[in-house]
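Visitor: below are the sequence and a predicted model for it; my questions follow.
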Amino acid sequence: MLNLAMLLVITNRSENENCVKLLQSQGVHLTLVALGRGTASKEILDMFTLEEAEKAILFAVSTDDKVRAAVKVLRREFLLHMPGAGIVLTIPLDAVGGASTAHYLADETAVERKEYAMNTEESFDLIFIITNEGYSSLAMEAARDGGATGGTVIHARGVGMEQAKKFFGISISDEKEILLIVCRSGCRNKIMQAVIDEAGLDTKARSLVFSVPIGSAAGLWTLREQEEGEEG
């Protein structure tokens, strides 16, 4: 495995610039920003006296050591132990397209292969649900039926949709919504199956669902609060 990692930060839009500056101060320079909105249920919002907020989603790539250092600073500066403060995820990169790309992403630092042990006690996955515009709420309700607590929606536009019609015999609209859901690995299959059943390709939502393992995570207070409530 390469010693490169992706850092994904979901925070309120008002904190967007501060977050970018913080990442730059830690040597993480390649950052892409997308706009989204939260999907927390009314019960969760009421429980923690929160309001619905527009979100900024930051994608950054750098060496694993810089990403890990950035997570520590983000956890401290953005008070990620507090409800509504944000979520930070890291995803190890398995491959990149060419040596020059690897050196660019690593900021000219030598890129070596490195193995990481999986932490089975704190294992999380990031589920991607790509759905037709206007159907993210349906997909999110389906995900909740499978055990998800909330997610973040990004608006996007698909390209190459004619290929899907040609090869799969289905018509997929260009306008898309991408739903990002973080869950414990043990809940992943149930959530994904619920989305497939209720908002899959054979429905008007035309949802595509896949997941990636997360290297580390901070700010997942809703998952932990839910578990503590179930244990009590």
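Guide: Thanks, I have the structure now.
Visitor: can you list the strands that the regular element (helix or strand) spanning residue 155 pairs with?
Guide: Secondary-structure assignment from DSSP states H and E places residue 155 in strand 152-157. Applying DSSP bridges, strand 152-157 is found paired with strand 30-38 (antiparallel), strand 175-184 (antiparallel).
Visitor: mean pLDDT lowest where, among these?
Guide: Mean pLDDT values for the strands paired with strand 152-157 show the minimum at strand 30-38, a mean of 76.
Visitor: in it, what counts as buried?
Guide: Within strand 30-38, the residues that count as buried by 16 or more other Cβ atoms under 10 Å are 31, 36-38. Every residue, glycine included, has its C-beta placed from N, CA and C.
Visitor: make TSV out of the residues you listed and add distance to residue 6.
Guide: Formatted as TSV, the buried residues of strand 30-38 follow (distance: Cβ to Cβ, whole Å):
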residue	distance to residue 6
31	11
36	17
37	22
38	21
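Visitor: and the helices in this structure?
Guide: Taking DSSP state H to define them, one finds helices in the chain at 16-25, 42-47, 64-77, 99-105, 136-145, 161-168, 185-199, 221-231.
Visitor: tell me the pLDDT at residue 110?
Guide: For residue 110, pLDDT reads 53.
Visitor: where are the low-confidence patches of the chain?
Guide: Along the chain, the model assigns pLDDT under 70 to residues 1-2, 30, 39-52, 79-85, 94-122, 157-174, 219-232.
Visitor: domain ranges for this structure?
Guide: When the chain is parsed with automatic domain parsing, its domains come out as 4-116+215-231, 122-213.
Visitor: may I see the buried residues of the strand holding residue 155?
Guide: 152-154.
Visitor: now render the residues you listed as a markdown table, adding distance to residue 205.
Guide: Listed next are these as a markdown table, based on distance: Cβ to Cβ, whole Å:
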| residue | distance to residue 205 |
| --- | --- |
| 152 | 17 |
| 153 | 13 |
| 154 | 16 |
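Visitor: cool, thanks, talk later.
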